[in-house]
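Student: Here is the input, now give the coordinates:
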Amino acid sequence: MNIVMLTNTFTPHVGGVARSVAAFSDEYRRRGHRVLVVAPEFDNQPADEVDVVRIPAIQHFNGSDFSAVLPVSGLLTETLDVFGPDIVHTHHPYLLGMTALRIARYRELPLVFTHHTLYEQYTHYVPLDSPAFRRFVIELATRYANLCDQVFAPSESIADLLWERDVEAPIAVVPTGVDLERFAHGDGAGFRAARDIPAGAFVVGHLGRLAPEKNLEFLAGAVARFLKSTPNAHFLLVGEGPSAPVIHAVFEDEGVIERLHHAGILKPPELVNAYHAMDVFAFASRSETQGMVLTEAMAAGVPVVGLDAPGVREVIRDPLNGRLLREETVAAFAAALHWVLALPPEKRQQLRRRALQTAVDFSLPRSADKALDRYEMLREKAFVTRTDQYDQWQRVLDLIKAEWDILMGIAGAAGAAFSETGPIDRTPP
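Tutor: Sure, this is the predicted structure:
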């Protein structure tokens, strides 16, 4: 089978979608399928990529670590003519997601959409964010899903949410699977020694993109409180992003900065070694659609403490493989970390075994089986045009553009007014 994947994020970008596309592509290729990945250009991207088409893009869009693709050239059309896709699989409803829709309609191919992201949680990256714009973003993703032949939800929570939002396309729960063999073995002791983390320390860890939507200021406050009451505890932070200075500031203010070990972005095998250096994984994000880093941690035998949220509640089985917290308070989170610390050795080992068992349920081969079964079913069905749904989706795009134009006009008028009149003098006469 020839599968074309279109994604707005891909390696070397660090994030769940990029890692998901890479993981599934590698697994499909291992099974003998051909996969063509269409993705934006990124800084420091690999020079020797095979079956990857890079689209010119604006780097670091609006100060983020994302790339915004520019209009797609005719080169992609020629490449697709040679590749001969059987399935078009898009990972976003906008930018290259629009390209995916055009490809599927023009070539009369099945279109699959993985709803990776709660897009309304990311509108702060767009200038002049507004409640109306967030509503349009939700509506855009919903209408886009209804233009597709199949929607993949990364978790049961997201499937339920899509049904509530009136997604009518077939929905299948297909989480991004974890490579059990890859994460099973790591040199945690060596990693600790290289990072000046004491061999006998209790290490709280976190790995991921360090961004505001990940609720990292809260996480930093909870972990810092735990460290203040636990002299032998250290915090291992893996990743980079705009929230890194905020995290450092919290630890500085709490007087425990010397026990924060910020490792930056890691690649295998160091990434795997980092997981094995942890005693517990801490996670506070409420914007996830699935817990990829949680299943990776569990595949390394690391229990997890996290807030009850979509994508998290499917992975953490409280109190068997960690703690799932329904109360978002610094005190409750710090207490859960203390709970793990206070377990006797045999109970903590049992927690680790349960984490490993959970990871098996989220293995990559199981997820790939589910996805490939759906692909095969779609290939047997006749192409459906969906003209009415396309018109509805186009109207949402027009509304978003109108909202954007209004906001930009207000901003422009305000800027012109201030530049012409200068600051208002509020000094009493």
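Student: make it CA atoms for all contacts and neighbour counts henceforth
Tutor: Noted.
Student: Over to the spatially closest residue to D86 that is not a sequence neighbour: give its phi and psi.
Tutor: Nearest in space to D86, with sequence neighbours left out and distances taken as Cα to Cα, 6 or more residues apart in numbering, is N2 at 5.2 Å. Note on N2: backbone dihedrals following degrees, to the nearest 10 are phi -110, psi 120.
Student: Can you give me the pLDDT of N2?
Tutor: We have a pLDDT of 98 for N2.
Student: how about it, what does it touch?
Tutor: H33, R34, V35, L36, F83, G84, P85, D86, I87 (Cα atoms under 8 Å, 6 or more residues apart in numbering).
Student: Specify the beta-bridge partners of it.
Tutor: Here N2 sits in beta bridges with R34, going by DSSP bridges.
Student: all strands for the stretch 251-400 of the chain, in order.
Tutor: 260-264, 280-283, 304-307, 322-325 (DSSP state E, counting those that start in this stretch).
Student: Kindly report the same for the stretch 51-200 of the chain.
Tutor: Counting by DSSP E, counting those that start in this stretch, the strands of the stretch 51-200 of the chain are 52-55, 57-58, 68-69, 87-90, 111-114, 150-153, 171-173.
Student: in stretch 203-218, what counts as buried?
Tutor: Neighbour-count burial for stretch 203-218, counted by 16 or more other Cα atoms under 10 Å, picks out 203-218.
Student: List the ones among those residues that fall in strands.
Tutor: V203, V204, G205, H206, L207 (DSSP state E).
Student: which among these gets closest to F10?
Tutor: Distance to F10, by Cα to Cα, is smallest for L207 among these, at 17.8 Å.
Student: isn't the closest one right next to E240, touching?
Tutor: No: the criterion here is Cα atoms under 8 Å, and L207 misses it with E240 at 9.2 Å.
Student: one step back: and the ones in strands among the buried residues of stretch 203-218 as a markdown table, adding distance to H248?
Tutor: Conversion of these to a markdown table gives the following (distance: Cα to Cα, whole Å):
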| residue | distance to H248 |
| --- | --- |
| V203 | 17 |
| V204 | 15 |
| G205 | 15 |
| H206 | 14 |
| L207 | 15 |
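Student: need those residues in CSV with pLDDT and distance to I55, can you?
Tutor: Compiled in CSV, those are given as follows (pLDDT from 0 to 100; distance: Cα to Cα, whole Å):
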residue, pLDDT, distance to I55
V203, 98, 41
V204, 98, 39
G205, 98, 35
H206, 98, 32
L207, 95, 29
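Student: and A172, what does it touch?
Tutor: Counting by Cα under 8 Å, 6+ apart, A172 touches Q150, V151, F152, A153, A159.
Student: residues in contact with D81?
Tutor: Contacts of D81 (Cα under 8 Å, 6+ apart): none.
Student: Can you measure across stretch 145-154, start residue to end residue?
Tutor: End-to-end distance of stretch 145-154 (Cα to Cα, to the nearest Å): 14 Å.
Student: Switch the strands of the stretch 251-400 of the chain over to CSV; also include distance to L397.
Tutor: Output for these, formatted as CSV (distance: least, Cα to Cα, whole Å):
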stretch, distance to L397
strand 260-264, 38
strand 280-283, 34
strand 304-307, 34
strand 322-325, 38
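Student: which one of these has the most crowded surroundings?
Tutor: Highest mean neighbour count among these (mean count of other Cα atoms under 10 Å): strand 304-307, with a mean of 28.
Student: re earlier: quick check, nearest of the buried residues of stretch 203-218 to Y94?
Tutor: When the buried residues of stretch 203-218 are compared for distance to Y94 (Cα to Cα), E213 wins out at 19.5 Å.
Student: Looks like that closest one contacts S287 (just checking).
Tutor: Yes: applying Cα under 8 Å, one finds E213 in contact with S287, separated by 6.4 Å.
Student: Can you give the distance from stretch 386-393 to the centre of its chain?
Tutor: What separates the centre of stretch 386-393 from the centre of its chain is 28 Å, taken as Cα atoms, centre = their mean, to the nearest Å.
Student: Could you pull out the buried residues of that stretch?
Tutor: Q389, Q392, W393.
Student: In space, what's closest to the first one - neighbours in sequence excluded?
Tutor: Closest residue in space to Q389, ignoring its immediate chain neighbours: L147 at 6.0 Å, by Cα to Cα, 6+ apart.
Student: repeat for the last one
Tutor: Taking Cα to Cα, 6+ apart as the measure, W393 lies nearest to R143, with 5.2 Å between them; neighbours along the chain are not counted.
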